[in-house]
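Novice: sequence? don't have it. structure:
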DNA sequence: GTCCACTACTCCGTGATACCGTGTAGTGGT
DNA sequence: ACCACTACACGGTATCACGGAGTAGTGGAC
């Protein structure tokens, strides 16, 4: 699938929130997970900027743990604000995707 | 629904293409149509920049016609390149929305 | 007959976001 | 010693939707 960059704007952050919400994890693993899920072109740099933003916005709780396999990992977990943000994201996604699907169906 | 701005990136242009593809129309009417369809906060300025971009990228055929109700209207219709771009857009949308829905369902 | 509302188009600057390339580090295998 | 893989960080770039302001044309209210 060719370039999805623009379409990912606004949704990729939500995807990261969802992944963090389902289990405490770290940047490198999140990137691999997204790649597996079909977001093939997403690279680490992108995920790290998103994680830094989540941290800055107070949506996650961060814990640094040694890895035994490379440098220490920064584990991310959602806090209450993060869970709320995730719910908002899904509400927006439902809203948007329903409108667009309607438009596709001939949309009157 | 609160701010969808970021989520619309990359999709709004496709929506405009779809509307133009279903009937030859002009900027002001496209904006009203989108508002009706639930894209409530989309404003004229946004649509005009998209229309200028479509024109610049050679995806539309433009015809100016007098209105009898205000200034003349610029009618837009898809050309072959535009129809191709529209098909690409829907393919991307299908791809992306299926991945995201899968992620939402617990996505492993 | 002057003001206002509605239609219709244009331009410019702003902010948010994903991407890219590069760099730094730690561990383990050959 | 070198290389591959893991893991994080940073700085610059392009794209896009938005906001605001401006310009025009028509017709109705008073």
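Specialist: Received, thanks. Treat the numbers as computed from the prediction; the structure is a model and nothing was measured. Numbering: from 1, shown residues only, chains lettered A, B, ... in the order given.

Novice: show me the contacts for residue A:91.
Specialist: Residue A:91 sits next to residue B:1 when contact means Cβ atoms under 8 Å, 6 or more residues apart in numbering or on different chains. C-beta coordinates here come from the backbone N, C-alpha and C atoms, glycine included.

Novice: For it, report the pLDDT, please.
Specialist: pLDDT, residue A:91: 94.

Novice: element containing the most centrally placed residue in chain A?
Specialist: Taking Cα atoms, centre = their mean, the centroid of chain A lies closest to residue A:16, which sits 1.5 Å from it. Using DSSP states H and E, residue A:16 falls within helix A:12-22.

Novice: Return the set of residues that bridge with residue A:26.
Specialist: residue A:75 (DSSP bridges).

Novice: meant to ask about residue A:61, not that
Specialist: With DSSP bridges as the rule, residue A:61 is bridged to residue A:77.

Novice: What distance do you get for the residue of chain A found nearest DNA strand C to chain B?
Specialist: Residue nearest to DNA strand C within chain A: residue A:45 (2.9 Å; Cβ to the nearest atom of the strand). Shown here: residue A:45 relative to chain B, a distance of 19 Å by Cβ to the nearest Cβ, to the nearest Å.

Novice: returning to what we had before: which ones are touching the residue nearest to the centre of chain A?
Specialist: For residue A:16, counting by Cβ under 8 Å, 6+ apart, the contacting residues are A:30, A:34, A:47, A:50, A:51, A:54.

Novice: Show me those residues that map onto helices.
Specialist: Counting by DSSP state H, those place A:30, A:34, A:47, A:50, A:51, A:54 in helices.

Novice: distance between the helix holding residue A:16 and the chain's centre?
Specialist: Computed by Cα atoms, centre = their mean, to the nearest Å, the chain-centroid distance of helix A:12-22 equals 3 Å.

Novice: what about it and DNA strand D, touching?
Specialist: No - using Cβ under 7 Å from any atom of the strand, helix A:12-22 stays clear of DNA strand D, with a minimum separation of 12.2 Å.

Novice: Check which residues of the lengthiest helix in chain A are buried.
Specialist: Criterion DSSP H: the longest helix present in chain A is helix A:80-104. Of all the residues in helix A:80-104, those buried under the rule 16 or more other Cβ atoms under 10 Å in any protein chain shown are A:82, A:85, A:86, A:89, A:92, A:93, A:96, A:97, A:99, A:100, A:103.
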